[in-house]
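> Here's my sequence, what's the structure:
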Amino acid sequence: MNKLIFSCFFITSLLSGCSMSNLHPKSQYTQHLKNVTINVTKVDRGAIYITLLNNTPKPLEINWAKSTINNKNIAKDIVNELELPIKNTVINPGDTINATLYIKENIFYRDPVLYQPGGYQIKDISYPATLNLLIDNVNNTKTIYFNN
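As a prediction, this is how the structure comes out:
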């Protein structure tokens, strides 16, 4: 009898775990501006994952300090020193970079408290989101939808 109950419990937990494994739907969008390919490869509640490809014959510079998500400053690839400005990124011709972008004010540190894990926490981004990347002093704007 115990084996039967254990088997039912195991199968139920396995099936419920499989249905809950994809909590953050993935979406893909492509945008071509100034011979720069901007792919949004994944979107979740707190971050936007992008890939940038430089198809131009010259190096391009991304100004992260003046780039925004929903008109709010960007934090790139969460770092411990959120108050320091993000250095500009130079993409050489034919090169690709990947970046994880967050809204800077959505990141906060929570101290661990009695059974509650601490560390950096991220608030949700409100979608549709407007990503504005400043590449070589030209604004490249992209509207991103969640789960569409």
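> so how many other residues sit close to Asn35?
Using other CB atoms under 10 Å, Asn35 is surrounded by 13 other residues. C-betas here are computed from N, CA, C, even on glycine.
> Name all residues that make contact with it.
Shown in contact with Asn35 (CB atoms under 8 Å, 6 or more residues apart in numbering): Asn54, Asn55, Thr56.
> just the residues you listed now: which is nearest Ser67?
Asn54 (16.1 Å; CB to CB).
> bridging residues for the closest residue to the closest one other than its chain neighbours?
In space, Asn54 comes closest to Ile91 once its chain neighbours are excluded; the distance is 4.2 Å by CB to CB, 6 or more residues apart in numbering. Beta-bridge pairing of Ile91 under DSSP bridges involves Leu60.
> Who wins on neighbours among the contacts of Asn35?
Among the contacts of Asn35, Asn54 has the most neighbours (other CB under 10 Å), with 22 neighbours.
> check contacts around Ile125.
Here Ile125 is in contact with Arg45, Gly46, Ala47, Ile48, Ile69, Asn70, Tyr102, Ile103, Asn106, Phe146 (criterion: CB under 8 Å, 6+ apart).
> hmm, who's touching the strand or helix carrying Leu134?
Assigned by DSSP states H and E, Leu134 belongs to strand 129-135. Strand 129-135 has contacts (CB under 8 Å, 6+ apart) with 33-34, 36, 38, 40, 48, 50, 60-63, 66-71, 101, 139-144, 146.
> how near is Ala99 to Asn92?
As judged by CB to CB, to the nearest Å, Ala99 and Asn92 stand 16 Å apart.
> Comparing these two, which residue is more hemmed in?
Under the criterion of other CB under 10 Å, the comparison of Ala99 against Asn92 puts Ala99 first, with 18 against 11.
> got the buried residues for the strand or helix carrying the more buried one?
If you go by DSSP H and E, Ala99 is part of strand 96-103. Residues Ala99, Leu101, Tyr102, Ile103 are the ones in strand 96-103 that count as buried (16 or more other CB atoms under 10 Å).
> partners of that strand, with directions?
strand 48-54 (antiparallel), strand 72-76 (antiparallel).
> which residues sit against the next helix or strand after that strand?
Using DSSP H and E, the next helix or strand after strand 96-103 towards the C-terminus is strand 107-110. Where contact means CB under 8 Å, 6+ apart, the residues beyond strand 107-110 that reach it are Ala75, Ile78, Leu82, Gln116, Gly118, Gly119, Tyr120, Gln121, Ile122, Lys123.
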